[in-house]
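Novice: Sequence and predicted structure, then a few things I'm wondering about:
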Amino acid sequence: MKTRVLKPVLLAVTAALALSACATATPYGPAGQGSRYGYSDLRVDQNRFRVAFAGNSVTSREQVEMGLLLRAAEVTLESGNDWFATVNRATDRDVRYAASPDPFYYDRYRPYWGPSWRYYRRGLWSPWADPFGSSMDVREIDRFEANAEIVVGDGPKPAGDPNAFDAREVIQNLGPRVPRQM
């Protein structure tokens, strides 16, 4: 009886340790090198780019949006410009739900909380059967992806435009806050 209870506990602890080792936020780096997470960019016109940053399920919305702005600033400087302005900018949220059976449910209640076939044949509820079915752990999994179309330019950024950013200032302010690839 003790090994019956001990086995699910050890399995749950091992799974939790394995998942915690893998559960790290998306590091700042290009997508497509063995991962679909990270940044990507595409030159649309001479002074217009499309920039995106996709995070995994443990990357916060704030980190994804900072990664997007940081990449936009880098693209701006790489193209020989000083500032960028976002024309279209959006952050998408992908939500999934994952359900897994409670590993402690069955062994704990099996001797006392089981089916009574006498009542099931008649279609009646049994006082000894679980009326809610097996216990399930449900968790919500969020994943964020931000994308923007940017216009780049030389000289000082346009005054009074709240969507315009100085590329060097963005890199100086956000660069240290964004986790990098190792």
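Specialist: Received it, and whenever you're ready, just let me know what you need.
Novice: What's the first helix or strand after the lowest-mean-pLDDT helix or strand in the chain?
Specialist: Among the helical and strand segments of the chain, the one scoring lowest on mean pLDDT, DSSP states H and E is helix 117-121, with a mean of 44. Next in sequence after helix 117-121, counting helices and strands by DSSP states H and E, comes strand 136-153.
Novice: and the helix or strand following that next one, which strands flank it?
Specialist: Stepping forward along the backbone from strand 136-153, the first helix or strand reached (DSSP H and E) is strand 164-166. Taking DSSP bridges as the criterion, strand 164-166 pairs within the sheet with strand 83-101 (antiparallel).
Novice: So for the partner strand, what gets flagged as buried?
Specialist: Residues of strand 83-101 classed as buried: 83-86, 89, 91 (neighbour count, 16 or more other CB atoms under 10 Å). Using the backbone N, CA and C atoms, a C-beta is placed for each residue, glycine as well.
Novice: and what of stretch 38-58?
Specialist: The neighbour-count check on stretch 38-58 (16+ other CB under 10 Å) flags 38-39, 41, 49-57 as buried.
Novice: And the average pLDDT for that stretch is what?
Specialist: What stretch 38-58 shows for mean pLDDT is 94.
Novice: contacts for that stretch?
Specialist: For stretch 38-58, contacts defined as CB atoms under 8 Å, 6 or more residues apart in numbering pick out 23-32, 36-37, 63-65, 67-68, 71-72, 75, 79, 81, 87, 141-153.
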